[in-house]
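Student: any chance you can model this:
(chains A and B)
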Number of protein chains: 2
Amino acid sequence: MPEEILMAHGDGGKLARDLVAKAFVEVLANPILERLDDSAVVELNGRTAFTTDSYVVTPIFFPGGDIGKLAVCGTVNDLATSGARPLYLSLSLIIEEGLPREDLDRVIASVREAADEAGVVVVTGDTKVVDRGSADKLYINTAGIGEIPEGVNIAGDAARPGDLVLLSGSLGDHGIAVMSQREGIAFSTRLTSDCAPLNRMVSKMLEASPRIHCLRDPTRGGLATTLNEIAHQSRVRILIEEMSIPVKEEVASACEMLGLDPLYMANEGKLVAVVPASDVEDVLQAMRRSRYGEEAVIVGEVVLGEPGRVAMRTRLGTTRIVDMLSGAALPRIC
Amino acid sequence: MPEEILMAHGDGGKLARDLVAKAFVEVLANPILERLDDSAVVELNGRTAFTTDSYVVTPIFFPGGDIGKLAVCGTVNDLATSGARPLYLSLSLIIEEGLPREDLDRVIASVREAADEAGVVVVTGDTKVVDRGSADKLYINTAGIGEIPEGVNIAGDAARPGDLVLLSGSLGDHGIAVMSQREGIAFSTRLTSDCAPLNRMVSKMLEASPRIHCLRDPTRGGLATTLNEIAHQSRVRILIEEMSIPVKEEVASACEMLGLDPLYMANEGKLVAVVPASDVEDVLQAMRRSRYGEEAVIVGEVVLGEPGRVAMRTRLGTTRIVDMLSGAALPRIC
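Tutor: Numbers count the residues shown, from 1 in each chain, chains lettered A, B, ... in the order given. Got it, this is the predicted structure:
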């Protein structure tokens, strides 16, 4: 087996077949994938969540994860925040000619590890190879399927005045961890990405209260963008408290140095929940008992007022609007 | 709205939201996509086919289609050749900064048109933008979901000695149509890609005989590779007749000029069916009555003999092995 990926690994011939057998099927081993038919065949019943994301993070390896772990966690989290139990993933790679085989193997091992932790199975896949200079090492798409339990109705338009806004932990760890690896960025931290599968925490939260209104993972665009989306879809106003929002010291200082705002920084292992006030204590306890929710806090509330707006009471006691960004924040963070 | 795609179109902020609203949701309009939640929610019951493919064809526009049409047809066909009725697609774009907005709009219009023809709905999506030089204009991933009717059991390992091999039409039209557009290729033809959704033809074939054993669309690697896969998975020998295999004059001469073999050329609107002899006449008639199967023919048979091998009786009456390619054929044809 050559030590680099060649164009011929993507052309459907013998090398392609060997790569699929050794690099994917053997590592991701499961009876559905092993059939290698044009589609995976799975059994599904009832309301099903279906989602997709392409991952173009650079660099592909970063503290706390890599593009493979990210591609599994990101899609698992999109299913989980729809109230679904994630079941099956597809995995599609666009590889730049010349990618070291070792790098590919590391990424696929991460895919397997993250999938195992989340309890999902990669059942179907695809590999394309593009010539040098036509991609940046490796892009991954994962699509995912999950079953939505009866009685669960999570949606971006379900927030109601009186609901409280919960956040599972500190903001910006993923964004700053990835930035710290970029060429020309003159800082280093011990910070690692928060990249993690959140579906087990979501299960516990839904056991605590099936009446959770909204769940979202604040990835690209961060908490500010996620809350704006919810405020917009639900036609409500959301008010958050700056004092309540957890931001690690390293993230705060890196953001200050780079002129960035942690509210807009990407997270890959955090979630926002909008919950009726009556159920907040139960949901918060469920989060705090979960591996990735120990530092969960209440950060704000849904209030009457101009629909579609997010506002923040600052440390100084003033209130300011938290808008969506209109320019570019950090590119290629996921 | 700017006339080119900017990095900020991919960062989750206002420009990204506007692009999603105008370029995708408005064109692909349907109530599931319009919800814009993290996952689409659909109702499914029973055996479900799930598949994914990334498309990296260059150029992104070619005679008879573009990357958008290809991304819909390719995934629809992977579902159809699993015996499934295609229902839902995801659509994920990796866009190179600077792509003219007009090109994006043309591609998305093609996605809509092909989806309408196939009767499928794009229910969820994602957009990433990468900096200039980090991708080649546009890559698209589509994943797809379909329902498998009761009684249908299509699989690559189901071919049996005595079965006949049917092909829905001429070989290599897609490969040569794309090649004819590449820079530095010194020929032009009036040939167009065969890119088409085959699910309606497959439905008619399965009505004619639910006992069809294998279905495959001979894309990357062409008919030769597809038959090798079936021979390998089913542990049978397949014998084809060179005289029976339809190849258009333009394809034959372009292949001769380029030193290529039509048996290995990519197709995007053809299928191979392996059918018990008793049902062949009915299936062939169903194909010939379909828009994309008018020229369907019997091209070979499954025979006793060395498992995993494909052989061809040539025009000269000799028999030769048709192996999988071990080097690269045509890169980035799909």
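Student: show me where the stretch 101-250 of chain A has its helices.
Tutor: For the stretch 101-250 of chain A, applying DSSP state H, counting those that start in this stretch gives helices covering A:101-118, A:173-179, A:199-208, A:222-234, A:249-258.
Student: elements contacting the shortest one?
Tutor: Meaning helix A:173-179. Of the remaining helices and strands, those touching helix A:173-179 by 3 or more CB pairs under 8 Å, 6 or more residues apart in numbering or on different chains; DSSP states H and E are helix A:249-258. Placement of C-beta: from N, CA and C, glycine included.
Student: mind redoing it with 10 Å?
Tutor: Under the contact definition 3 or more CB pairs under 10 Å, 6 or more residues apart in numbering or on different chains; DSSP states H and E, helix A:173-179 sits against strand A:61-62, strand A:65-66, helix A:67-80, helix A:249-258.
Student: so stretch A:103-116, near chain B or not?
Tutor: No. Residues of stretch A:103-116 are not located near chain B by CB under 10 Å from any CB of the partner chain, the shortest gap being 13.8 Å.
Student: which strand of chain A spans the most residues?
Tutor: For chain A, the strand that runs over the most residues, judged by DSSP state E, is strand A:40-55.
Student: for that strand, give the mean pLDDT please.
Tutor: Per-residue pLDDT values over strand A:40-55 give a mean of 97.
Student: what pairs with it, and is each one parallel or antiparallel?
Tutor: Here the strand partners of strand A:40-55, with direction, are listed using DSSP bridges: strand A:138-147 (antiparallel), strand B:40-55 (antiparallel).
Student: buried set for the last one?
Tutor: Right, strand B:40-55. Residues of strand B:40-55 classed as buried by neighbour count (16 or more other CB atoms under 10 Å in any protein chain shown): B:40-42, B:44, B:47-55.
Student: export the residues you listed to CSV and tack on distance to residue A:30?
Tutor: As requested, the buried residues of strand B:40-55 are arranged in CSV below (distance: CB to CB, whole Å):
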residue, distance to residue A:30
B:40, 25
B:41, 26
B:42, 24
B:44, 20
B:47, 17
B:48, 16
B:49, 16
B:50, 13
B:51, 16
B:52, 16
B:53, 20
B:54, 21
B:55, 26
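Student: beta partners of residue A:89?
Tutor: residue A:122, residue A:144.
Student: which residues touch residue A:92?
Tutor: For residue A:92, the residues meeting the contact criterion (CB atoms under 10 Å, 6 or more residues apart in numbering or on different chains) are A:52, A:54, A:71, A:124-128, A:139-143, B:51-55, B:92, B:139, B:141-143.
Student: repeat that for 6 Å
Tutor: Shown in contact with residue A:92 (CB atoms under 6 Å, 6 or more residues apart in numbering or on different chains): A:126, A:141, B:52, B:54, B:141.
Student: from residue B:92, how far off is it?
Tutor: Computed with CB to CB, to the nearest Å, the distance linking residue A:92 and residue B:92 is 9 Å.
Student: can you tell me the SS state at the nearest residue to residue A:232 once chain neighbours are set aside?
Tutor: Across the structure, with CB to CB, 6 or more residues apart in numbering or on different chains as the measure, the residue nearest residue A:232 apart from its sequence neighbours is residue A:308 (4.6 Å). Secondary structure for residue A:308, judged by DSSP: H, G, I helix; E, B strand; the rest coil, is coil.
Student: doesn't residue A:230 make contact with residue A:308?
Tutor: No. Contact between residue A:308 and residue A:230 fails when scored by CB atoms under 6 Å: they sit 9.7 Å apart.
Student: looking at these two, which is more packed in?
Tutor: A side-by-side neighbour count of residue A:308 and residue A:230, using other CB atoms under 10 Å in any protein chain shown, places residue A:230 first with 27 against 16.
Student: what about the more buried one, distance to residue A:51?
Tutor: When CB to CB is the yardstick, residue A:230 and residue A:51 sit 17 Å from each other.
Student: which residues sit in contact with the residue lying closest to residue A:139 once chain neighbours are set aside?
Tutor: Computed as CB to CB, 6+ apart, the closest residue to residue A:139 that is not its neighbour in sequence is residue A:94, at 4.3 Å. Going by CB under 6 Å, 6+ apart, residue A:94 touches A:128, A:135, A:139, B:54, B:139.
Student: quick one, phi psi at residue A:23?
Tutor: Dihedral pair for residue A:23: phi -80, psi -30, per degrees, to the nearest 10.
Student: on that earlier part again, show me which of the contacts of residue A:92 is closest to residue B:203.
Tutor: When the contacts of residue A:92 are compared for distance to residue B:203, the smallest value, 22.3 Å, is given by residue B:52; criterion: CB to CB.
Student: from what I see, that closest one and residue B:143 are in contact.
Tutor: Yes. Residue B:52 lies in contact with residue B:143 (CB under 6 Å); the separation is 4.2 Å.
Student: quickly list the domain ranges of chain A.
Tutor: A:37-147, A:164-321 (automatic domain parsing).
Student: quick one: end-to-end distance for the longest one.
Tutor: End-to-end distance of domain A:164-321: 18 Å, with CA to CA, to the nearest Å as the criterion.
Student: now that domain: mean pLDDT?
Tutor: Averaged over domain A:164-321, pLDDT sits at 94.
Student: going by distance to residue A:162, which of the contacts of residue A:92 wins?
Tutor: Minimum distance to residue A:162 across the contacts of residue A:92 is 39.2 Å, recorded for residue A:141 (CB to CB).
Student: how many other residues sit next to that closest one?
Tutor: In terms of burial, residue A:141 registers 31 neighbours under the definition other CB under 10 Å.
Student: residue contacts, residue A:47?
Tutor: Listed by CB under 6 Å, 6+ apart, the contact partners of residue A:47 are A:148, B:41.
Student: also residue A:97?
Tutor: With contacts defined as CB under 6 Å, 6+ apart, residue A:97 is in contact with A:7, A:129, A:131-132.
Student: if we go to 7 Å?
Tutor: With contact taken as CB atoms under 7 Å, 6 or more residues apart in numbering or on different chains, residue A:97 is in contact with A:5-7, A:129-132.
Student: can you check residue A:268 too?
Tutor: Taking CB under 7 Å, 6+ apart as the test, what residue A:268 contacts is A:70, A:73-74, A:174, A:193-195, A:219, A:334.
Student: can you redo those residues as CSV, where the extra columns are distance to residue A:167?
Tutor: Conversion of those to CSV gives the following (distance: CB to CB, whole Å):
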residue, distance to residue A:167
A:70, 20
A:73, 18
A:74, 18
A:174, 14
A:193, 17
A:194, 12
A:195, 17
A:219, 14
A:334, 19
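Student: coming back round to it: okay, and the residue nearest to residue A:139 sits in which element?
Tutor: Residue A:94 is part of strand A:85-96 when elements are defined by DSSP states H and E.
Student: double-check that residue A:82 belongs to a strand.
Tutor: No. The assignment for residue A:82 is coil, going by three-state DSSP, so no strand is present there.
Student: I'd assumed residue B:36 was in contact with it.
Tutor: No. Using CB atoms under 7 Å, residue A:82 makes no contact with residue B:36, being 11.8 Å away.
Student: which one of these two has more residues nearby?
Tutor: When residue A:82 and residue B:36 are compared on other CB under 10 Å, the one with more neighbours turns out to be residue A:82, at 28 against 18.
Student: gap between the more buried one and chain B?
Tutor: The spacing between residue A:82 and chain B, counted by CB to the nearest CB, to the nearest Å, is 4 Å.
Student: name the nearest residue to residue A:81, sequence neighbours excluded.
Tutor: By the measure of CB to CB, 6+ apart, the closest residue to residue A:81 outside its immediate chain neighbours is residue A:215, 4.0 Å from it.
Student: same question, residue A:332
Tutor: With CB to CB, 6+ apart as the measure, residue A:58 is the residue that lies nearest to residue A:332, at 4.7 Å, once sequence neighbours are left out.
Student: in what helix or strand does the one you found lie?
Tutor: Per DSSP H and E: nothing holds residue A:58, as it lies in no helix or strand.
Student: quick one: it and residue A:333 touch, right?
Tutor: No. Contact between residue A:58 and residue A:333 fails when scored by CB under 7 Å: they sit 8.8 Å apart.
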